[in-house]
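In: for reference, the sequence and a predicted model appear below.
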Amino acid sequence: MQTRRVLSEEMNKLRRELTLMAARVEEDLGKALAVLRSGSDELVKEVKDSGKVVDAMQLKIEDMALVLIATQQPVARELRELITIFKITSSLERIGDYGIHLAKTAAKLASRPAFRSMERIERMAETGQEMLKATVSAYLNQDADAARTAAALDNSIDDEHKAITEEILSLMKKKSELVKPAARLLKLSGHMERMGDHITNICEGIIYMIEGHHEELNL
């Protein structure tokens, strides 16, 4: 009984740390969006520096999870959650990287002629923020259906990415002088698309954690 009580307390600590990591990533994505909207590069360094904090948080959480697996003999539900936590932290770290890419690229493109596709990039990032917030809520509330609902938002990100790809490729053919910034924008769109995939991966992990089976949501 003592072992189960200790495990429960440590799991709660782990969840709090994971929530803090997700909040940090979401905040950084918000700052990157601010760079995109304003064209100012003042927040770029903050986002880049925060990426190092996110990396450290990932290592701390994974170390905590490893200690619990090694010392507390978790089984069934707790073991699935601990396994899932590694998937979540890895995806959060990658999402944080995409936030850095967004901030850096938005600052570089600020001095270029306005691209209509930037509005689509903004919508992709906003949807990513919404997905991440809903996914963290699904995790904390142990709600598999909420995780499925959050993952479904990725469809709009995929649609925007497809539209941007068509727009940019057409622009490259018509205006050769814009090839370089257009290629940078196309790469950024790819990052936003993969960001949505990583959040969807977290949702899959949550479903596995709660229901004990693997469900493919990246269709």
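Out: Nice, thanks for sending it over. As the structure is a prediction and not an experimental result, all values here were calculated from the model. Numbering: from 1, shown residues only.

In: got phi/psi on the residue nearest in space to the middle of the chain?
Out: In the chain, the centroid-proximal residue (CA atoms, centre = their mean) is Ile95; its distance is 3.3 Å. The phi and psi values for Ile95, taken as degrees, to the nearest 10, are phi -60, psi -40.

In: now it: how far from Ala183?
Out: For Ile95, the distance to Ala183 equals 23 Å [CB to CB, to the nearest Å]. C-beta: built from backbone N, CA, C; applies to glycine.

In: can you check Ile207 too?
Out: Using CB to CB, Ile207 is found at 37 Å from Ala183.

In: what's the answer for Leu20, then?
Out: In this view, Leu20 and Ala183 are 36 Å apart by CB to CB.

In: and the helix ranked longest in the chain, what's its mean pLDDT?
Out: The longest helix of the chain (DSSP state H) is helix 2-38. For helix 2-38, the mean per-residue pLDDT is 91.

In: buried stuff in it?
Out: For helix 2-38, a neighbour-count test (16 or more other CB atoms under 10 Å) marks 7, 10-11, 14, 17-18, 21-22, 24-26, 28-29, 31-36 as buried.

In: in PDB, list the C-alpha atoms belonging to stretch 39-48.
Out: Provided in PDB are the C-alpha atoms of stretch 39-48 (Å, rounded to 0.1, in the frame of the first residue of the first chain):
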ATOM      1  CA  GLY A  39       7.100  41.900 -38.000                       C
ATOM      2  CA  SER A  40       9.200  42.800 -35.000                       C
ATOM      3  CA  ASP A  41      12.200  40.500 -34.100                       C
ATOM      4  CA  GLU A  42      12.200  41.600 -30.400                       C
ATOM      5  CA  LEU A  43      10.800  38.200 -29.200                       C
ATOM      6  CA  VAL A  44      12.900  36.000 -31.400                       C
ATOM      7  CA  LYS A  45      15.700  35.700 -28.900                       C
ATOM      8  CA  GLU A  46      13.300  35.000 -26.100                       C
ATOM      9  CA  VAL A  47      11.700  32.100 -28.100                       C
ATOM     10  CA  LYS A  48      15.200  30.700 -28.900                       C
END
